[in-house]
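A.B. asks: here is my input; please provide its structure:
(4 chains, ligands or ions: 4)
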Amino acid sequence: MAQPAFVSQLDPDRAEFYRHLLRQMLLVRRFEERAGEAYAQGRIGGFCHLYIGQEAVAVGALTALRKDDYVFASYREHAHAIVQGTSVSTVMAELFGRAGGCSGGKGGSMHLFDVGHNFLGGHGIVGSHLPLAAGAGFAIKYRDTDQVVICFFGEAAVNIGAFHETLNMAALWGLPVVFLCENNRYGMGTALERAAAVYDVYRRACSYDMAEETVDGMDVLAVHEATTRAVERARVERLPTLIEARTYRYMGHSMADPIHGHYRTKEELEEQKQKDPILDLQVRMAEGNLLDDGALRVMKQAVEEEIDAAMAFAEQSPEPAPEALFTDVYRE
Amino acid sequence: MAQPAFVSQLDPDRAEFYRHLLRQMLLVRRFEERAGEAYAQGRIGGFCHLYIGQEAVAVGALTALRKDDYVFASYREHAHAIVQGTSVSTVMAELFGRAGGCSGGKGGSMHLFDVGHNFLGGHGIVGSHLPLAAGAGFAIKYRDTDQVVICFFGEAAVNIGAFHETLNMAALWGLPVVFLCENNRYGMGTALERAAAVYDVYRRACSYDMAEETVDGMDVLAVHEATTRAVERARVERLPTLIEARTYRYMGHSMADPIHGHYRTKEELEEQKQKDPILDLQVRMAEGNLLDDGALRVMKQAVEEEIDAAMAFAEQSPEPAPEALFTDVYRE
Amino acid sequence: MPTLTYRDALNQALREEMERDPSVFLMGEEVGVYQGAYKVSRGLLEAFGPLRVVDTPIAELGFAGVGVGAAMVGLRPVIEFMTWNFALLAIDQLVNSAAKMLYMSGGQIPIPVVFRGPGGAALQLAAQHSQAFESWYAHIPGLKVVAPATPHDAKGLLKTAIRDDNPVVFLEGEMLYNAKGDVPDEEYTIPLGAADVKREGGDVTIICHSKTVAVALKAATRLAEELGVSAEVVDLRTIRPLDTAAIASSVRKTNRCVVVEEGWPFCGVGAQVVDEVQREAFDDLDAPVIRVTGADVPMPYNKQLERAAKPDPDKVIAAVKRVTYLD
Amino acid sequence: MPTLTYRDALNQALREEMERDPSVFLMGEEVGVYQGAYKVSRGLLEAFGPLRVVDTPIAELGFAGVGVGAAMVGLRPVIEFMTWNFALLAIDQLVNSAAKMLYMSGGQIPIPVVFRGPGGAALQLAAQHSQAFESWYAHIPGLKVVAPATPHDAKGLLKTAIRDDNPVVFLEGEMLYNAKGDVPDEEYTIPLGAADVKREGGDVTIICHSKTVAVALKAATRLAEELGVSAEVVDLRTIRPLDTAAIASSVRKTNRCVVVEEGWPFCGVGAQVVDEVQREAFDDLDAPVIRVTGADVPMPYNKQLERAAKPDPDKVIAAVKRVTYLD
Ligand SMILES: Cc1ncc(C[n+]2csc(CCOP(=O)(O)OP(=O)(O)O)c2C)c(N)n1
Ligand SMILES: Cc1ncc(C[n+]2csc(CCOP(=O)(O)OP(=O)(O)O)c2C)c(N)n1
Ligand SMILES: [Mg+2]
Ligand SMILES: [Mg+2]
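C.D. replies: Ligands and ions are numbered 1, 2, ... in the order given. From the prediction side, this is the model:
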């Protein structure tokens, strides 16, 4: 069922937690902005899909998980890796294609991996990681642990066969997977309404008798609460959930694409930016006297330093050795 | 919405039509029985999927079409070709692999084609013909004619990606396609409940805001009426419909598979046979004094002669010339 | 003669064929409103409208099948894959429906469809986005496979592919879209199955196609300048049907052969070429045929590793030295 | 030594590996309740229960991906395709996920999965159900490809494939399931990448795998009896990695080579073998390598046409006559 976007008053006792959410969103935002600059300078190559505008989804959702849960994401996954615990340094180094990158410089922006933090990619074929996530969920059921899998994907992925086959199996077999659709309204230049017969992504759960929920993806607390409910359902009842988080992407589809143009207007973009997820939390915390300007300044400063360090690490990290071309094709 | 299985009293003015339906069902039944015998004698090879028990679906549905409409079916399609107008002789000859077969002996039981009757196969990969049917529907929209496409498939096909991708596009684009799912409860040895999270196939239309209907597939008149409604919707409003016809297969999945065994009991089979679609119509026609034993005997006699002729034709039809191996790979 | 980019040459071919034949339409992801992910379809939506330039959901299997189905009833669809990497999801429709329909139906149902889009590697797109599948499609009877190297060939071959009554796999190159070349004003087509000698020579034959034609030509220039070796560069243009006659006659003249391709070595296009050459010109060969291919690994993201994975003039020259025993 | 069918040898291998390693499970259509479409998994559901012998919906792409995902977190799935024809729908998961995960992750995530099922033609199953895709999978770095010809090899190779830490494409044959052969009681495995000389000979080398091994052996017997030609029959067993050394050493001995395969000719396994042979044994070859393949057409339903489309001893003998200049 659709949940009210309403979110409980901020609870003073959770100030620490709110600060954590805010810091994570700031970290992601600044990481992406700096990555964008580096890309513009030609220091990052290939396709680079930024997450700016969607921070509340990854931060709200991943903070609802346990360390031993598994995370799968698409190619727009810098944020998910970082929030899951992968160091910004190794993520930035991966974008630079360096040996110190979290995928050894072989994966790049679209293929971040960090088994140490159960971050399992970084997948470039739309929809292809949904069955993979179900596979991890199957392994959890097979081993009878109480872990959970969360799988992030865009709204354009719901029209592809893998979505249908996966959700059916997950519901049929009772797999502990949270399918979190980040509905930012566009798949490249195609608005959801031009690609899907049903505009409410969460309603697609009806074909599988699967629990569903839609949530304001610009409200980090709402996302956190919705995900917490779904994670509980997966952990305790071992049932999957389809969550639709309504969000928005500020940048172009990738650094190679226009920010607006044929498919959306500058006005729409500017209007959306008024509902910025970071500003929103800042304001609410300020209203609740849980954050003063000084603390915010300190936080931003710390974030900036963390990214500076990541940049330095990435630049100093060596290129992979030439032999690396031929390693990791097969495991001996 | 689910329609009541109830069917209007037989209308004496339509006696001619009822007799046509009965004759078509008898023709299909006897064709399949004789094909089964020929297969047992090794005169037909490969996979041979018989339709016995499901006659009411193809007959009820295809009699709701116009000559210029298009028909797509799976590998269990002897009946659909025959009811659509392909001569039983060329269908039987195709099963025999002869040059006189409707596919020149190259297609066989699973790949019957007859462009003369807009019968477009005969497809062996589960789900693969749904997009093909949508393509024909797209062509109708493209040419702006008022033709309709009907696509028959089994209930096990609704769990595969092609079903989802196709129904979404058909609903999104407004394609005049009737998707008719023949729910005979089993996909080979797998009961629908063991493969689908939702047991009511028609409910899957919810993901596409598509019109749907479920109908008693053992009642030829009910199938005819439901299909007529869907065809009208396609022809006039150019909208697709998902119909679920609840039916049952009397034989094994194919001639190579057991009739019952691990996956279903002999008892279940015998019980189902009590609701035989042919007997059902016979009884109702008799009750309405629209068919006496004499007429029935004559009809059965005529059907038998038609099949005898088909058998003779198939046996006398020559093998394809050796050069045929290399023709039809490319159109010059 | 005006010079055009490979991109605009394709755009012209599409435009001209859509004007010529109302049964031709273009369908794929982002081909309309977005003007094409790589802008090959720029302006076509405005020119022909949404019924003939159709944006699709991300559903490769589905819309590829829609194309085949539309072809079954007489339309001539051009189905664009944003890249051929994604066509793996649709490959059942290409192999089991498009390639077999005419045969299974005993000759009743031709499938006049073109599947097109960029194949092979661009720059740092990593493993899942940098694959060349020529040899896969060429393996399938019922399909034709075309991979043009120049704007001139791209236009002439695409027009022919659209008019062909069989399913054609048309492989373009993201790295080729900006390549410039002369394209005649007057209408022309190029037959499928005809290779083209891009440079004449007498000492060694270099077989190539698509992006590797430029690589081979660079190598040929340097071979002449640096080693006085005269290389003949044969551009296959069409992989299936393969122009075996052109290959064999060149090798019979040069007695030496190097095959260059972007894809992986095992069962690649070059393997088939080697098979043909050693059968057709066994007694004329003075050295084994040597192949230059992409490295036998998934494509790495790192720029230097990626460069090392691709065929380049140095590798071609090294191969030529081997077949001419110059080292 | 007990004789077993190929089917039962595979069943034994699955049973033994599932007993040995609790992380091994079997998933696919009809593998459980139905006891397997071709009964390879007979009794396994009863022995190991529904969590380790899992019936799936008809969703090849989905359950292949489930297998890869389970492998990502340490399980060792054996995914059965009812036939390899249907795997075309799942091929994106084999090529883009399974084959590339280790590389894309910089060596972090191995994918110990086996994809298995019958490949190639049976009897009169027509175009969509009669395809041999060895060369396709062998084209892909990151995959291993195995195609055993005998019960003994089937058991030993499947056990090794299950223990291998890489994705293995394991091609069986519907026509082989009833083939009988000796299978030792004691546990054994067979390394991947090792060809096997099924018959020694000095005049010509016949390279083959899977079903064509029996064809080659029949031909070899007749060649000896009818023509006094001594043929060496080399069974590749593993297509990737390919045992080039074994191939080359046999050809260096016989100086003549014929390659037999069930699949289509263009870019088939034989093309790669020819490439290796002419490079590794150029000076030893007294004649071009000749290939015997399935006809270059979709498989027809008609029995006689189908027979004519398949490799048989007569075709192999004809090829041997050509490379030995006996005609
Ligand atoms: C199967 C497949 N088709 C096409 C593409 C090209 N492509 C990459 S991202 C994308 C749009 C996806 O949009 P969405 O799922 O909404 O995610 P978002 O980019 O908005 O985060 C497309 C079409 C692809 N990667 N995979
Ligand atoms: C993609 C694919 N997977 C598996 C098969 C093998 N197969 C043929 S028919 C069948 C069962 C289909 O059942 P259903 O769709 O209910 O149709 P029915 O046979 O009952 O008419 C299966 C699994 C196939 N042909 N295609
Ligand atoms: Mg989106
Ligand atoms: Mg069924």
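A.B. asks: interface residues of the stretch 101-250 of chain A facing chain D?
C.D. replies: Within the stretch 101-250 of chain A, the residues that sit near chain D (CB under 8 Å from any CB of the partner chain) are A:101-107, A:111, A:113-115, A:120-125, A:128, A:130-139, A:141-142, A:161-162, A:165-166, A:168-169, A:172. Where you see a C-beta, it was placed from the backbone N, CA and C, and this is true even at glycine.
A.B. asks: and the residues you listed, which of them are buried?
C.D. replies: The neighbour-count criterion (16 or more other CB atoms under 10 Å in any protein chain shown) marks A:101-107, A:111, A:113-114, A:120-125, A:128, A:130-139, A:141-142, A:161-162, A:165-166, A:168-169, A:172 among those as buried.
A.B. asks: in helices only, show me the residues you listed.
C.D. replies: Secondary structure defined by DSSP state H assigns A:130-139, A:141-142, A:161-162, A:165-166, A:168-169, A:172 of those to helices.
A.B. asks: which of the residues you listed are close to ligand 4?
C.D. replies: With CB under 5 Å from the ion as the criterion, these include none near ligand 4.
A.B. asks: check contacts around the residue nearest to C:Pro50 when sequence neighbours are not counted.
C.D. replies: The shortest distance from C:Pro50 to any non-neighbouring residue, by CB to CB, 6 or more residues apart in numbering or on different chains, is to C:Gly32 (6.4 Å). Contact partners of C:Gly32, counting by CB atoms under 8 Å, 6 or more residues apart in numbering or on different chains, are C:41, C:44-45, C:50, C:53-55.
A.B. asks: over to A:Val149?
C.D. replies: A:Val149 makes contacts with A:69-72, A:133-134, A:136-137, A:140, A:175-178, A:234, as judged by CB under 8 Å, 6+ apart.
A.B. asks: so what's the residue count around A:Arg34?
C.D. replies: Per other CB atoms under 10 Å in any protein chain shown, the neighbour tally for A:Arg34 reads 18.
A.B. asks: what's the distance between it and ligand 1?
C.D. replies: Noted for A:Arg34: a distance of 20 Å to ligand 1, by CB to the nearest ligand atom, to the nearest Å.
A.B. asks: you'd agree that residue is up against A:Ala309?
C.D. replies: No - counting by CB atoms under 8 Å, A:Arg34 sits too far from A:Ala309 to count as a contact (11.5 Å).
A.B. asks: output the below-cut-off pLDDT ranges for the stretch 151-300 of chain A.
C.D. replies: Applying pLDDT under 70 to the stretch 151-300 of chain A picks out no residues at all.
A.B. asks: need the residues of it near ligand 1, please.
C.D. replies: A:154-157, A:184, A:186-188, A:253 (CB under 6 Å from any ligand atom).
A.B. asks: of the residues you listed, closest to C:Asn96?
C.D. replies: Nearest to C:Asn96 among these: A:Ala157, at 24.7 Å, using CB to CB.
A.B. asks: hmm, stretch A:34-42 in reach of chain C?
C.D. replies: No - counting by CB under 8 Å from any CB, chain C is not contacted by stretch A:34-42; separation bottoms out at 10.2 Å.
A.B. asks: then that stretch to CSV, C-alphas only?
C.D. replies: Taking Å, rounded to 0.1, in the frame of the first residue of the first chain, the C-alpha atoms of stretch A:34-42 are listed here in CSV:
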residue,chain,number,x,y,z
ARG,A,34,34.3,16.5,-7.6
ALA,A,35,34.1,13.4,-9.8
GLY,A,36,32.2,15.5,-12.3
GLU,A,37,35.0,18.1,-12.3
ALA,A,38,37.6,15.4,-12.7
TYR,A,39,35.6,13.9,-15.6
ALA,A,40,35.4,17.3,-17.3
GLN,A,41,39.2,17.6,-16.9
GLY,A,42,39.6,14.2,-18.6
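A.B. asks: tell me the buried residues in that stretch?
C.D. replies: Within stretch A:34-42, the residues scored as buried using 16+ other CB under 10 Å are A:34-36, A:38-39.
A.B. asks: for stretch C:225-243, same thing?
C.D. replies: In terms of neighbour count (16+ other CB under 10 Å), stretch C:225-243 has its buried residues at C:229, C:231-240, C:242-243.
A.B. asks: with pLDDT and secondary structure added, can I get the residues you listed in JSON lines?
C.D. replies: JSON lines is the format used below for the buried residues of stretch C:225-243 (pLDDT from 0 to 100; DSSP: H, G, I helix; E, B strand; the rest coil):
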{"residue": "C:Val229", "pLDDT": "98", "secondary structure": "coil"}
{"residue": "C:Ala231", "pLDDT": "98", "secondary structure": "strand"}
{"residue": "C:Glu232", "pLDDT": "98", "secondary structure": "strand"}
{"residue": "C:Val233", "pLDDT": "99", "secondary structure": "strand"}
{"residue": "C:Val234", "pLDDT": "99", "secondary structure": "strand"}
{"residue": "C:Asp235", "pLDDT": "99", "secondary structure": "strand"}
{"residue": "C:Leu236", "pLDDT": "98", "secondary structure": "coil"}
{"residue": "C:Arg237", "pLDDT": "98", "secondary structure": "coil"}
{"residue": "C:Thr238", "pLDDT": "98", "secondary structure": "strand"}
{"residue": "C:Ile239", "pLDDT": "98", "secondary structure": "strand"}
{"residue": "C:Arg240", "pLDDT": "98", "secondary structure": "strand"}
{"residue": "C:Leu242", "pLDDT": "98", "secondary structure": "coil"}
{"residue": "C:Asp243", "pLDDT": "98", "secondary structure": "coil"}
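A.B. asks: so which of these comes closest to ligand 3?
C.D. replies: Nearest to ligand 3 among these is C:Ile239, at 35.9 Å by CB to the ion.
A.B. asks: wait, what's in contact with the closest one?
C.D. replies: With contact set as CB under 8 Å, 6+ apart, C:Ile239 has these partners: C:134-135, C:137-138, C:145-147, C:209, C:269.
A.B. asks: ranking those by neighbours, who comes first?
C.D. replies: That'd be C:Val269 among these, by other CB under 10 Å, with 34 neighbours.
A.B. asks: closest residue of the stretch 151-300 of chain C to chain A?
C.D. replies: Using CB to the nearest CB, the closest approach of the stretch 151-300 of chain C to chain A is made by C:Pro300 at 4.4 Å.
A.B. asks: which ones are touching the spatially most central residue of chain C?
C.D. replies: Residue closest to the average C-alpha location in chain C (CA atoms, centre = their mean): C:Ala147, at 1.4 Å. Residues near C:Ala147 by CB under 8 Å, 6+ apart: C:119, C:134, C:170-171, C:209-210, C:236-239.
A.B. asks: need the residues of chain A near ligand 3, please.
C.D. replies: So far as CB under 5 Å from the ion goes, chain A lies against ligand 3 at A:154-155, A:184, A:187.
A.B. asks: mind listing which of the residues you listed are in strands?
C.D. replies: Judged by DSSP state E, the residues of chain A next to ligand 3 include A:154, A:187 as members of strands.
A.B. asks: quick check: the farthest pair among the residues of chain A next to ligand 3?
C.D. replies: Of all pairs drawn from the residues of chain A next to ligand 3, the greatest distance, 8.9 Å, lies between A:Asn184 and A:Gly187 (CB to CB).
A.B. asks: what residues do these two have in common as contacts?
C.D. replies: By CB under 8 Å, 6+ apart, the residues touching both A:Asn184 and A:Gly187 are A:154-155.
A.B. asks: who wins on neighbours among the residues of the stretch 151-300 of chain A next to ligand 1?
C.D. replies: Highest neighbour count within these, by other CB under 10 Å: A:Gly154, with 27 neighbours.
A.B. asks: what are the bridge partners for that one, then?
C.D. replies: A:Glu182 (DSSP bridges).
A.B. asks: for it, what are its contacts?
C.D. replies: Contacts of A:Gly154 (CB under 8 Å, 6+ apart): A:74, A:76, A:126, A:181-184, A:187.
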